[in-house]
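> Fold the following.
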Amino acid sequence: MANLPDQHADIPVIGLLAVKNQLITQAELEKALADCKESKDKTACLKEYLLSREMISTQNLQRLTMAARALDVRKKEFHFGAIAVQKGIINKSVLQLVLEEQEADMKNGIKPRLIGDMLVESCMMTERQRDYILKMQKRKRRSAEQPAGAGTVASEPAGPEERAPEQAETEQDLDKTAVPKNVPPDMLEPEIIANGIRLQLAGDYMGAFLTKTREFNSDITPSDIRDALAEKKIVAGIVSDEMMLGFIESSGFKTKAFRVAKGIRPIQGKDAKIEFFFNIDYLGAGGLDADGNIDFKQRGSVPYVQVGTVLAEKTPMVESRQGHNIFGDEIDAIPGNDMPLRFGKGAKLSEDGLKILADVTGFPKYALSGVIFVHEEYATEGDVDYETGHIEYDGNVKVNGCIKAGFQVKGNDVTSVELDGGIVTAEGNVHVKGGINEATIYARGEVTAKFVHKSDIICMGNVHIAKEIVDSTIACSGSCIIESGKLISSEVTAKMGLTARNIGTQTASPCMVRVGHDAFFEKETANIQARIKEIKDKIAAKEEKQARLKEQNTELQKHITQLAHIQDRSQLEQDRLNKEIEDLQSQPDKKAVIADLRQQIAQQETNAKNAEKQLDESFEKSESIEASIEGIAHQLKTLNTGLPDLLEEKKNLTRWSMENPGNPVVRVDGAIQPGNMIKGKQSEMVVKDLVRRAKITEVLKAGSDETHQIYELQVTNL
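Predicted coordinates for the structure are as follows:
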């Protein structure tokens, strides 16, 4: 993150970051600062101001606080480096290198190390020099459980207090089998490689460490060390010659190890995540539980948002990075998967590309295709009839009257006072305050009404009816719930079960109830597959037509080239004939020859005119073909754009169906008349006797085993 300008030093960093990330405007920040003018702790006051007025979410404020802390640490790190350079401990090039490495760790999601620790590891600074500068900055260093992994370089101390000599080393310290003090655990057995240098490898081969024995010869060069490492197949992550010289010339590294090679650990990828800030489960109303009770999940109020409201936020994918050990062997990393932010009408993408915002005031919707919309509402003053005609609106439709017979209403959520013979297609819910009579309804949400007569309903959610369903066909992926009435002469397929007061009458034709089966899913996936096939067939036909047109145009271009050559040759021939006539003009006996030449010139002119006419026709035809090719290309682009949405719809619908397994339960608080048929996933029954206050569930029949499972419908009393 870029350093903040000095002129903003009196402004809390979280305020500057909030403006930079477009969470608030500059004017809003200035107003907040004016309100906090008298506060001793402006940062705390600003936080409270932004939260209390709901200008920033708690989550975003936490992110800003963490970012502000990171900036503060980074600023102190720059100051640390400046002090180290000023005292001659390191030069500017070394400082730049460690700062870049620290920044790379931050970008890759790795917990960054302090540059003082990095310089100690690299033998460019002693521990006492590091601690001295930290003390100057009034900073405390946390003691780390894991060592820095490198020894100290014999550098000039920053002050007189640092001139204490190294601790004396014992004979055991210099023994070739002694374990260095600052190596990672699980080290392999050490070995002597050259000039009294002890080499020890990390058990995971991600580090190689050197220490000096009593036989150490300081005449060794960095090149000699590299050759010795190469003999051990250590070729990757080796430190620079400058650092090796520091190791050779230092009086240390007898009891502390010098890390001469370091592997690069792989970065495992992380999948992108999308957090939604509105209820995307528009089928939240539940069905019947395992005991056959209605599970009324709290749906809450219908979400309604203002312009600029954040609807979803994406945490970007962390890209994987392969690593390698000190032998140069690659270490694979698991890649992360990206998730696109998809939005449609009424929504827009933020400037940073990580948030979807409401572009209009309305009702947010997460479609099966994975697209976020914000729907505005269209309302009629009365009935949908000849005065209004059909209604098709890309948003919510509110009919303040009745949808009359033969008239269609298409929208997202559709509400109406009554539905009498109309046809409703909804991407969301359908709510009818009165009854549904001789109507057809398709909805990707739920359907609610007082009663249903002679109608066809197919929906993805629940069908919730207050009184009765008569002479109708119902298919839903949710539950069919008739609160206090009857199911009469109807066919109901409800994946999540059915509950009713009564099923059938003594005089009406029997009902057929099928539970646990997802008819909506079958019909919808078949419909989506048919649309996918239709689009693919259209794409194939248009691509074939486009290929034929391109072939025709290629042949036409060849013909145009030939005609152009005819014109060129004709002109050259005319020039030659005119030159010949000019040469013969002075010879009286050549009049016949000249006349013949003039006829040849006339013929060449005719040929040129014919070629020019054909050229004009060919150019017009070529332009027409190219326009057709361009038109087909545009059509193909449109078709190819729609295809991924359908494929995503099918995938999401399949996943949703699998995550919501069917519940074959029928619950009746009154009575089930004889003759009515009940079907589960694996079994069926015809009710032979009057059944009162009962629950019918599908169970594994007694005596079944894993290889031969038989199911039956079991009737139990409530």
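
> Going by length in residues, pull out the top helix of this structure.
helix 591-659 (DSSP state H).

> so how far is residue 463 from the residue lying closest to residue 482 once chain neighbours are set aside?
Spatially, and ignoring its direct neighbours in sequence, residue 482 is nearest to residue 500 (4.1 Å; Cβ to Cβ, 6 or more residues apart in numbering). Glycine gets a C-beta too; all of them are placed from N, C-alpha and C. Per Cβ to Cβ, to the nearest Å, residue 500 is found 11 Å from residue 463.

> now residue 278
Distance from residue 278 to residue 463, counting by Cβ to Cβ: 25 Å.

> more crowded one of those two?
Higher neighbour count among residue 278 and residue 463: residue 463, with 28 against 18, using other Cβ atoms under 10 Å.

> Hmm, residue 473 and the more buried one touching each other?
No: using Cβ atoms under 8 Å, residue 463 is not in contact with residue 473; the gap is 11.1 Å.

> Now the common contact residues for those two.
With contacts defined as Cβ atoms under 8 Å, 6 or more residues apart in numbering, the residues adjacent to both residue 463 and residue 473 are residue 457.

> which stretches of the stretch 451-600 of the chain form helices?
Assigned helices in the stretch 451-600 of the chain, in chain order: 519-584, 591-659 (criterion: DSSP state H, counting those that start in this stretch).

> Ok, which of the ones you listed comes nearest residue 243?
Nearest to residue 243, of all those, is helix 591-659, at 52.3 Å by Cβ to Cβ.

> what helices or strands is that closest one leaning on?
helix 519-584 (3 or more Cβ pairs under 8 Å, 6 or more residues apart in numbering; DSSP states H and E).

> Give me the helices and strands touching the helix it packs on, please.
strand 456-459, strand 473-476, helix 591-659.

> nearest to residue 684, of the ones you listed?
strand 473-476 (17.1 Å).

> Tell me which strands the closest one pairs with, and in which orientation.
Strand 473-476 sits in its sheet next to strand 456-459 (parallel), strand 491-494 (parallel), going by DSSP bridges.

> What residues of it count as buried?
For strand 473-476, burial by neighbour count (16 or more other Cβ atoms under 10 Å) applies to 473-476.

> Who are the contact partners of the residue lying closest to residue 458 once chain neighbours are set aside?
Leaving aside its sequence neighbours, residue 458 sits nearest to residue 475 (Cβ to Cβ, 6+ apart; 4.6 Å). Counting by Cβ under 8 Å, 6+ apart, residue 475 touches 457-459, 492-494, 519-520, 523.

> does residue 475 have beta-bridge partners, and which?
Bridge pairing for residue 475 - DSSP bridges - gives residue 458, residue 493.

> so residue 421 sits right up against residue 438, yeah?
Yes: counting by Cβ under 8 Å, residue 438 is a contact partner of residue 421 at 4.7 Å.

> Between the two, which contacts overlap?
Counting by Cβ under 8 Å, 6+ apart, the contacts common to residue 421 and residue 438 are residue 405.

> Just the CA atoms of the lengthiest strand in the chain, as CSV, please.
Using DSSP state E to define each element, the chain has its longest strand at strand 691-700. The C-alpha coordinates for strand 691-700 follow below in CSV (Å, rounded to 0.1, in the frame of the first residue of the first chain):
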residue,chain,number,x,y,z
VAL,A,691,-57.4,-42.8,7.8
ARG,A,692,-57.7,-40.0,10.4
ARG,A,693,-55.0,-37.8,11.9
ALA,A,694,-52.1,-39.6,10.4
LYS,A,695,-48.6,-39.2,9.1
ILE,A,696,-47.4,-41.3,6.2
THR,A,697,-43.6,-41.7,5.7
GLU,A,698,-41.4,-43.9,3.5
VAL,A,699,-39.3,-46.3,5.5
LEU,A,700,-37.0,-49.3,4.9
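
> What are the buried residues along that strand?
691, 694-698.

> what does stretch 386-403 give?
So, applying 16+ other Cβ under 10 Å, buried residues of stretch 386-403: 388, 391, 395-397, 399, 402-403.

> Other residues contacting that stretch?
Outside stretch 386-403, the residues touching it (Cβ under 8 Å, 6+ apart) are 345-346, 362-363, 375-384, 407-422, 424, 428, 439.

> Name only those of those that count as buried.
Counted by 16+ other Cβ under 10 Å, those give 346, 362-363, 375, 377-378, 380, 383-384, 407, 409-422, 424, 428, 439 as buried.

> which ones among the residues you listed are found in strands?
363, 375, 377-378, 380, 409-411, 414-420, 424.

> between those residues, which is nearest residue 617?
Nearest to residue 617 among these is residue 410, at 48.2 Å by Cβ to Cβ.

> quick one: which of the buried residues of strand 473-476 is nearest residue 587?
Nearest to residue 587 among those, with distances taken as Cβ to Cβ, is residue 475, at 102.5 Å.

> In terms of pLDDT, where does that closest one sit?
With respect to pLDDT, residue 475 has a value of 95.

> ok, it to residue 598 distance?
89 Å.

> Leaving out chain neighbours, which residue sits closest to the residue nearest the centre of the chain?
Nearest to the mean C-alpha position of the chain, counting by Cα atoms, centre = their mean, stands residue 339 at 1.3 Å. With Cβ to Cβ, 6+ apart as the criterion, residue 339 has its nearest non-adjacent residue at 4.2 Å, and that residue is residue 272.

> Roughly how far does the one you found sit from residue 653?
With distances taken as Cβ to Cβ, residue 272 is found 22 Å from residue 653.

> Check residue 197 too.
In terms of Cβ to Cβ, residue 197 sits 66 Å off from residue 653.
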